[in-house]
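>>> turn this into a structure:
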Amino acid sequence: MGYKISIITPFHNIDMKVFDGTIAAMKNQTYGFENIEWVIVVHNSKDSYYNDVMEKLGKCHNVIIDRIANDIHTPSSPRNRGLELATGKYIGFLDGDDKYREDAIEKIVDACDRTEAQVIVFRREYELEFPDMLALSETTSINQTYDEIIIHKKNGMDNRIYNDFPFFVTNRVYNLQFLRDNNIIFDEDYEIAED
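Reported below is the predicted structural model:
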């Protein structure tokens, strides 16, 4: 089956109760879970984690589970491996401790199809794992009531940057062919802010 969208998830020793929330969010997508190629790359994790992921998702025909072990301690190498394995026209990244709203992928695919964009940036919302955590503060210079802002090199808007947070890859979706044509991958030498 040809998938329109692939979601790549790096997995590193994530608490399985937390990952259960990620699984539920993917399975509850209004776009239809079976219509989403989910590439999970278990990275530098104990055997028990890999076995748990296989037990929970190994029989799903739309899920690819791969495993790598190396000396890289960021999600860069599992994301790059996911880029090698993905077949969807569009590529999104969802960390194993994150979730999409139930209508997220449906809206993302619609926006990609309508705009034919190479990159779609969408707004992130934060749900704190613990009540005493501090959320990252964000400064917004645009009116957030806009449904969408389309930026094209033919109609750029006075060099403003439109982004909810500058270094997250998980609030973007990419055209896979654009990434491959331009050899865009994650630099595995960065130890922080590799996004």
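
>>> for the helix or strand where Asp52 lies, list the C-alpha coordinates in CSV.
When secondary structure is defined by DSSP states H and E, Asp52 falls within helix 47-57. Listed in CSV are the C-alpha atoms of helix 47-57, where the atom choice follows Å, rounded to 0.1, in the frame of the first residue of the first chain:
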residue,chain,number,x,y,z
ASP,A,47,15.9,-5.5,25.0
SER,A,48,12.8,-5.3,27.1
TYR,A,49,11.7,-2.0,25.5
TYR,A,50,12.2,-3.3,22.0
ASN,A,51,10.2,-6.5,23.0
ASP,A,52,7.4,-4.3,24.5
VAL,A,53,7.2,-2.2,21.3
MET,A,54,7.1,-5.4,19.1
GLU,A,55,4.4,-6.9,21.4
LYS,A,56,2.2,-3.8,21.1
LEU,A,57,2.7,-3.0,17.5
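
>>> strands along the protein, start to end?
Taking DSSP state E to define them, one finds strands in the chain at 5-11, 36-43, 63-68, 90-93, 119-121, 172-175.

>>> which other helices and strands contact the helix holding Asp52?
Under the contact criterion of 3 or more CB pairs under 8 Å, 6 or more residues apart in numbering; DSSP states H and E, the helices and strands touching helix 47-57 comprise helix 16-27, strand 36-43, strand 63-68. Every residue, glycine included, has its C-beta placed from N, CA and C.

>>> what residues does it touch?
Outside helix 47-57, the residues within contact range by CB atoms under 8 Å, 6 or more residues apart in numbering are 11, 13-14, 16, 19-20, 23, 38, 40, 42, 63, 65, 67.

>>> for the residues you listed, pick the one with the most neighbours.
Of all those, the most densely surrounded is Ile40 (29 neighbours; neighbours counted as other CB atoms under 10 Å).

>>> quick check: the spatially closest residue to Ser6 that is not a sequence neighbour vs Asn44, distance?
The shortest distance from Ser6 to any residue other than its chain neighbours is 3.3 Å, reached at Gly88 (CB to CB, 6 or more residues apart in numbering). With the distance defined as CB to CB, to the nearest Å, Gly88 ends up 25 Å from Asn44.

>>> neighbour count for the two, which is higher?
Neighbours around Gly88 and Asn44, counted as other CB under 10 Å, are more numerous at Gly88. The numbers are 22 against 18.
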